[in-house]
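Student: sharing a sequence plus its predicted fold:
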Amino acid sequence: MTACLDTATLRSGLDVPDAALDEHLASCEDCRAVSRGLRDDAILAGALLRPLEPEALPDAAATEAALHKVRSLAPPAADPAAVASLPQQRQTRTRRWDAGLRAAAAAGLVVVMTGAVVATPGGRSAAAAFLAAFRSERFAVVTVDPAELTDSFAALEQFGRVRGLRSAQPERVNDLAAAAEVAGFRPATVDAESLPEGADATPTLLASPGHEVSLTLRQRRAPDLPANLDGTRLILGVPAAVVQAYEGEGDVPALVVAEASQVTARTEGGGSLNEVREYLLNTPGLPPSTVAQLRAIDDWRTTLPIPVPLGDVSWEDTTVGGSPAVAFGDESGLVAAVLWQRDGRIHGVGGALPASQARALAEELGG
Amino acid sequence: MSDRFDDVFRARYGEVYGLAWRVLGDRDEAEDAAQDVFAKLAGAAVLDRPDTEVAAWLRRVTINDCFNRVRGRRRARERVDRAVRLEPLAEAEAGGPLLAVLRSEEQTEVRAALAGLPERQRATLLLRHSGYRYAEIAQTLDIAVGSVGVLLARAERAFRTAYEETAP
């Protein structure tokens, strides 16, 4: 019999066939005992570690999306020397980060401004004083380049971790009762005789519950983020909503009636909402006209900015049933919409209909 | 960004993500870690080396990055706690990976036992039980192939002991 084998050989023998090892084990009780112990440890480790396997690996689409994201973060390959060390890489990332900055900053501002309202009602607990809580009360139209708001929530990833995007997708429901169950409120109904000409009699109904989207600002993602904002959570309350869409003959629905609860925003764990807003407003590369329009909103804590594509849409301030409202129309005069707030909810009607009919419907529903 | 980088990314992203997931146990964290690793690869000289070397580099950087994240577990735990308190119920009920992890006491105990191992043992254990061959483990950890067996044996024994002490 040969001399006893070392642990490395015995352990690797459990994974890799080894005739010499088998021959030795057949004649060596000591090594068999050691091997059995190693095998028991290995089996237990395998069993315990198996649940740590990922539930699913990224598919091709997710991989491409990740590649796209990394391309926007990573330094250019043409200059490898510049990124040989981490500090240098971060500098490069900062420059590259500018490329997606405008979209992200614009989206961030919409998030912050969107919730820009106040109201910490008197009497809230002392703990609430550490939060900045906001609720929309009126609108302000802000013109934007549509390209800057594309995929706006995803663009927020430039500033940190975004959570909650998957939590409440709109779902198609069969009737208003089901919509009310999802949204938590019963939406207004449209009389059949008020429908625009050519509209289907039965609407397609979509409903979504209210949920929160949070952005945790991280200096690692946004290198110029002030230290006191690192780790700050910006929490946007995305309202519950019900949409009733009446299809017509064209691409644009004949009528869309939408109703949503309040938009809110607050911060936790560091900077105030005002500080986050200021940081975003000072982000280099943000279109000056957008910044100027947002800064011009004096009562930003109570004002919901409505991004409107530059040049395509006209609008005017108005009222619906005495409540503040904005009426929109496109250049063709064929599409119109009215947005208003009433009783703590945001309402909208619009579609391929004349402006006068949109106004009349708004008054009927919300007056 | 070069074609070489894109090819490597497409070929290896899932693998890197999977390794990160095993260490971190959270989909978002694993994606974040995997993407950070590839962002580092984009400017690294190793990208010009053969595939096997690039793969070993990716595993090594992934493990180091993820272990660093685990070292900051106190902060991570705070984030998790906040997420549990604040994530909408709909996501929780949909079986979000974060909550799935938290709900699994077994995983929690396994991770606690893993966290107590020396890092090289922990890395060896994770790599081997992720299906990597001895040569790949050796290349990843920059050790001799002949050392993998003994390192693995020690890791499995230490892991078993730690788990039995951790589990009720």
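Tutor: All right, it came through fine. Numbers count the residues shown, from 1 in each chain, chains lettered A, B, ... in the order given.
Student: every contact and neighbour count from this point should use C-alpha atoms.
Tutor: Will do.
Student: out of the helices and strands in the chain, which is least certain?
Tutor: Assuming you mean chain A. The least trusted helix or strand in chain A, going by mean pLDDT, DSSP states H and E, turns out to be helix A:86-99, with a mean of 32.
Student: was after chain B, sorry
Tutor: Across helices and strands of chain B (mean pLDDT, DSSP H and E), lowest is helix B:89-93: a mean of 35.
Student: how about the strands in chain B?
Tutor: Here chain B has no strands by DSSP state E.
Student: got any ranges where it has weak pLDDT?
Tutor: Residues of chain B that meet the criterion pLDDT under 70 lie in B:1, B:72-106, B:166-168.
Student: helices of that one, start to end?
Tutor: All helices of chain B, identified by DSSP state H, fall at B:3-24, B:27-42, B:51-71, B:73-86, B:89-93, B:97-103, B:105-115, B:119-128, B:134-141, B:145-166.
Student: distance to chain A and mean neighbour count for these - can I get that in JSON lines?
Tutor: Listed next are the helices of chain B as JSON lines, based on distance: least, C-alpha to the nearest C-alpha, whole Å; neighbours: other C-alpha atoms under 10 Å in any protein chain shown:
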{"stretch": "helix B:3-24", "distance to chain A": "5", "mean neighbour count": "20"}
{"stretch": "helix B:27-42", "distance to chain A": "5", "mean neighbour count": "22"}
{"stretch": "helix B:51-71", "distance to chain A": "13", "mean neighbour count": "19"}
{"stretch": "helix B:73-86", "distance to chain A": "8", "mean neighbour count": "13"}
{"stretch": "helix B:89-93", "distance to chain A": "5", "mean neighbour count": "15"}
{"stretch": "helix B:97-103", "distance to chain A": "9", "mean neighbour count": "16"}
{"stretch": "helix B:105-115", "distance to chain A": "7", "mean neighbour count": "19"}
{"stretch": "helix B:119-128", "distance to chain A": "8", "mean neighbour count": "21"}
{"stretch": "helix B:134-141", "distance to chain A": "8", "mean neighbour count": "20"}
{"stretch": "helix B:145-166", "distance to chain A": "4", "mean neighbour count": "20"}
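Student: quick one: which of these is nearest A:His211?
Tutor: Comparing those by their distance to A:His211 (C-alpha to C-alpha), the top pick is helix B:89-93, with 8.5 Å.
Student: not counting sequence-adjacent ones, nearest residue to B:Leu127?
Tutor: Distances taken as C-alpha to C-alpha, 6 or more residues apart in numbering or on different chains put B:Ile137 closest to B:Leu127, at 6.5 Å, once the chain neighbours are dropped.
Student: surely the one you found meets B:Gly146?
Tutor: No - assessed by C-alpha atoms under 8 Å, B:Ile137 is found out of contact with B:Gly146, at 10.8 Å.
Student: grab the nearest non-local neighbour of A:Arg11.
Tutor: Distances taken as C-alpha to C-alpha, 6+ apart place B:Gly149 nearest to A:Arg11, at 5.4 Å, with adjacent residues excluded.
Student: gap between that neighbour and B:Gly131?
Tutor: Counting by C-alpha to C-alpha, to the nearest Å, the separation of B:Gly149 from B:Gly131 is 14 Å.
Student: cool, A:Ala199 as well?
Tutor: Following C-alpha to C-alpha, the distance that separates A:Ala199 from B:Gly131 is 60 Å.
Student: also A:Val182?
Tutor: From A:Val182 to B:Gly131 the distance is 45 Å (C-alpha to C-alpha).
Student: local confidence estimate at whichever residue of the stretch 1-150 of chain A sits closest to chain B?
Tutor: Using C-alpha to the nearest C-alpha, the single residue of the stretch 1-150 of chain A nearest to chain B is A:Ala8, 4.1 Å away. Listed pLDDT for A:Ala8 reads 88.
Student: that one sits in which helix or strand?
Tutor: Using DSSP states H and E, A:Ala8 sits within helix A:7-15.
Student: that helix to helix B:119-128, inter-axis angle?
Tutor: Relative orientation of helix A:7-15 and helix B:119-128, computed by axes from the mean of the first three to the mean of the last three C-alpha atoms, to 10 degrees: 20 degrees.
Student: in the helix or strand just after helix A:7-15, what's buried?
Tutor: Downstream of helix A:7-15, the next assigned helix or strand under DSSP H and E is helix A:19-27. Buried positions in helix A:19-27, judged by neighbour count with 16 or more other C-alpha atoms under 10 Å in any protein chain shown: A:21, A:24-25.
Student: after helix A:19-27 comes which helix or strand?
Tutor: helix A:29-49.
Student: can you tell me what sits against that following helix?
Tutor: Helix A:29-49 has contacts (C-alpha atoms under 8 Å, 6 or more residues apart in numbering or on different chains) with A:4-5, A:10-11, A:14, A:25-26, B:110, B:126, B:129, B:153, B:156-157, B:159-160.
Student: which other helices and strands contact the helix or strand that that helix is followed by?
Tutor: Using DSSP H and E, the helix or strand that follows helix A:29-49 in sequence is helix A:60-73. Packed against helix A:60-73, as judged by 3 or more C-alpha pairs under 8 Å, 6 or more residues apart in numbering or on different chains; DSSP states H and E, are the following elements: helix A:86-99, helix B:3-24, helix B:27-42.
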